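>>> Predicted model, plus sequence, below.
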Amino acid sequence: MTVPPIRPARAGDVATIAALLTDTVATDPVAQWLVPDPAERQYVFHGLLAMDIDHAVGCGHVDVALDMTAVAVWRHHPVQQAALSDYHLSTFTSRYLHRFQQLDALVHRYRSSAPHHWLAWLHVTPKARRQGIGRALLAHHHQRVDQLGHPVDTVVTGITARDYLTRHGYHPETPLRLPSGPYLWPLRRTGRPVPPTATG
């Protein structure tokens, strides 16, 4: 099957992307640890993701399949403005704020302060998997980031995602563990600067 074309997300896509990603939190172990109640989890993450994706569209890179069956969300670090302020985080997470702060502190210890890109989300809907769209989304941005020579960092919440990215040039780091919670797997794709074109 032909891989659908990839395009940059626009502001009008934010609601669709947020809904697409919110569906993934139902069975995600870290999302379950953050917000144990399923109904509350959907509500909390829908609000957070809508703001996060809106920020990424304006300040990072969000790529989508033309048929909206897949999305990749990339951030540039360091950033001039945080995606979510403490006020926004507390507004959406309410009584679960301390858990989100624990997650943020754990990931922050891994994250490099040097310039890099961050893969925040890579999601392909179940019906569109095994057709190469995830690989195409990665390659699309890797070409962009290699022009800068920057590495790509990410943290994933399952071994399936870890193994998938490992097959696409990412190297797993030491796992992280949330307090009395699940593991997270950091990965890094080293910078691969494109050599300058020789001129006559």
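Sure, I can see it. Numbers count the residues shown, from 1 in each chain.

>>> My understanding was that residue 155 contacts residue 185; is that so?
Yes: shown here, residue 155 and residue 185 form a contact pair, counting by CB atoms under 8 Å, at 6.8 Å. Placement of C-beta: from N, CA and C, glycine included.

>>> which residues are in contact with both of those two?
Residues touching both residue 155 and residue 185 (CB atoms under 8 Å, 6 or more residues apart in numbering) are residue 176.

>>> what bits of this structure have low per-residue confidence?
The model of the chain has pLDDT under 70 over residues 1, 79-86, 195-200.

>>> Helices of that one, residue ranges please.
With DSSP state H, the ranges of helices along the chain come out as 14-22, 29-34, 38-59, 86-93, 97-110, 133-148, 159-166.

>>> Enumerate every residue touching residue 137.
By CB under 8 Å, 6+ apart, the contact set of residue 137 is 6, 63, 65, 70-72, 122.

>>> ah, wrong one, I meant residue 144
Residues near residue 144 by CB under 8 Å, 6+ apart: residue 61.

>>> And for residue 18, the neighbour number?
By the measure other CB atoms under 10 Å, the count of residues near residue 18 is 20.

>>> if I read this right, it contacts residue 56, doesn't it?
No: using CB under 8 Å, residue 18 makes no contact with residue 56, being 10.8 Å away.

>>> returning to that earlier point: tabulate the contacts of residue 137 in TSV, adding columns for neighbour count and distance to residue 138.
Formatted as TSV, the contacts of residue 137 follow (neighbours: other CB atoms under 10 Å; distance: CB to CB, whole Å):
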residue	neighbour count	distance to residue 138
6	18	11
63	20	10
65	22	13
70	24	11
71	25	12
72	24	7
122	21	7
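
>>> Inside strands: which ones of the residues you listed?
Judged by DSSP state E, strands contain the following of the contacts of residue 137: 6, 63, 65, 70-72, 122.

>>> quick check, nearest of those residues to residue 14?
Residue 14 lies nearest to residue 71 out of those, by CB to CB, at 10.9 Å.

>>> For that closest one, name its beta-bridge partners.
With DSSP bridges as the criterion, residue 71 is bridged to residue 64, residue 123.

>>> just to revisit the earlier point, Throw the helices of the chain into a markdown table and include distance to residue 191, thanks.
As requested, these are exported to a markdown table (distance: least, CB to CB, whole Å):
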| stretch | distance to residue 191 |
| --- | --- |
| helix 14-22 | 27 |
| helix 29-34 | 27 |
| helix 38-59 | 21 |
| helix 86-93 | 31 |
| helix 97-110 | 17 |
| helix 133-148 | 8 |
| helix 159-166 | 16 |
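
>>> Would you tell me which of these gets closest to residue 194?
Here helix 133-148 is closest among the helices of the chain (CB to CB), at 5.2 Å.

>>> Helix 159-166 and the closest one, what's the angle between them?
If you take axes from the mean of the first three to the mean of the last three CA atoms, to 10 degrees, helix 133-148 sits at 50 degrees to helix 159-166.
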